[in-house]
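Colleague: coords below, sequence missing:
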């Protein structure tokens with residue numbers, strides 16, 4: 001061994017130690033920057049503390065670059081990120097806690113696959129303020145919804161293979177005791193959205209129904225090839241036509257006493 005060998009080994013060890021330290025103690029602001037870029041600025045983690053692997057931040061929803069609207073999630077979010085094994089396969093586990101809204105952490109697992117990845121959402125039952133949507137800009141800042149959004153699933157999986165998405169499981173969102181600045185009627189009602197993956201994983205159905213209230217909404221659609229096509233309509237309960245006329249005019253195209261709207 002030459003006299004330079006120990007010195008080179010020491011430098012290599014120091015460099016390796018530095019890289020490990022950077023990886024282990026990577027600041028939370030690196031994650032915040034990545035989230036901001038990935039979402040086009042619509043989801044932001046601000047005032048972040050801790051590390052990429054374990055930290056907390058305030059969560060903002062915005063309309064993206066140049067938008068003047070934003071809303072903040074009360075009490076912010078906390079996260080833990082780490083490796084795990086699922087069915088003898090390496091995965092990255094993300095546990096997200098929002099003190100205002102998640103009785104237990106939102107549990108996500110990301111599994112890399114040849115030519116794609118698999119994202120698994122474990123069973124959850126959480127409640128989120130509908131006012132958050134206002135920050136996303138049009139049309140939410142016009143509607144200015146109030147109420148609670150209850151998100152439920154017994155497990156949902158998104159498979160990405162060679163740029164194609166496959167779905168597995170079901171997601172349910174219940175919009176409870178909703179109100180809008182476009183109507184003096186409060187609340188408007190409560191509604192249920194259910195996304196159910198088809199047996200082939202290539203398609204999914206989306207159904208909208210009214211649980212209760214004076215604004216009656218219904219609709220259905222399909223998610224095919226990564227595109228959503230949805231048709232729905234709304235109408236006022238008997239005796240509530242005048243109170244809901246303005247909102248129904250904005251919601252969609254009027255056909256008699258109904259307001260018809262389409263997506264896709």
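Modeller: Received the coordinates, thanks. Remember, predicted model here, so these are calculated numbers, not experimental data. Residues are numbered from 1 along each chain as shown.

Colleague: tell me the strands beside the longest strand along the chain, with direction?
Modeller: Ranked by number of residues, the top strand in the chain under DSSP state E is strand 164-179. Strands that pair with strand 164-179, judged by DSSP bridges, come out as strand 146-153 (antiparallel), strand 156-161 (antiparallel), strand 189-197 (antiparallel).

Colleague: ok, and the closest non-adjacent residue to the residue nearest the centre of the chain?
Modeller: In the chain, the centroid-proximal residue (CA atoms, centre = their mean) is residue 43; its distance is 9.5 Å. For residue 43, ignoring the flanking residues on the chain, the nearest one in space by CB to CB, 6 or more residues apart in numbering is residue 35 at 5.8 Å. (Glycine included, C-beta is placed from N, CA and C.)

Colleague: now do the same for that neighbour: helix, strand or coil?
Modeller: State at residue 35, reduced to three classes by DSSP: H, G, I helix; E, B strand; the rest coil: helix.

Colleague: from what I can see it touches residue 46, true?
Modeller: No: using CB atoms under 8 Å, residue 35 makes no contact with residue 46, being 10.4 Å away.

Colleague: okay, the two: which has more neighbours?
Modeller: residue 35 (17 against 14; other CB atoms under 10 Å).

Colleague: mind checking pLDDT for that one?
Modeller: Note for residue 35: predicted pLDDT of 91.

Colleague: what does residue 23 give?
Modeller: Residue 23 is given a pLDDT of 55.

Colleague: do residue 165 as well
Modeller: pLDDT at residue 165 comes out at 78.

Colleague: for the longest strand of the chain, buried residues please.
Modeller: Buried residues in strand 164-179, counted by 16 or more other CB atoms under 10 Å: 165-179.

Colleague: same question, stretch 205-220
Modeller: For stretch 205-220, by 16+ other CB under 10 Å, it's 206-208, 210, 213-217, 219.

Colleague: check the gap between residue 202 and residue 224 for me.
Modeller: Residue 202 is 7 Å from residue 224, where distance means CB to CB, to the nearest Å.

Colleague: can you confirm residue 64 is in a strand?
Modeller: No: assignment of residue 64 by three-state DSSP gives coil, placing it outside any strand.

Colleague: quick one, what contacts it?
Modeller: By CB atoms under 8 Å, 6 or more residues apart in numbering, residue 64 lies in contact with 40-42, 137.

Colleague: count of residues packed around the closest residue to residue 149 other than its chain neighbours?
Modeller: Leaving aside its chain neighbours, residue 149 sits nearest to residue 128 (4.6 Å; criterion: CB to CB, 6+ apart). Using other CB under 10 Å, residue 128 has 17 other residues around it.

Colleague: returning to what we had before: out of the strands paired with strand 164-179, which is closest to residue 52?
Modeller: strand 156-161 (22.5 Å; CB to CB).

Colleague: before we move on, the earlier item: now for the buried residues of strand 164-179, which pair is the farthest apart?
Modeller: Top of the distance list for these (CB to CB): 166 and 179, 37.1 Å.

Colleague: for the residue nearest to the centre of the chain, name its beta-bridge partners.
Modeller: residue 61.

Colleague: now do it against residue 110, distance only.
Modeller: 17 Å.

Colleague: with residue 153 instead?
Modeller: As judged by CB to CB, residue 153 and residue 110 stand 17 Å apart.

Colleague: would you mind listing where the stretch 101-250 of the chain has pLDDT under the threshold?
Modeller: 163, 200-201, 225-226 (pLDDT under 70).
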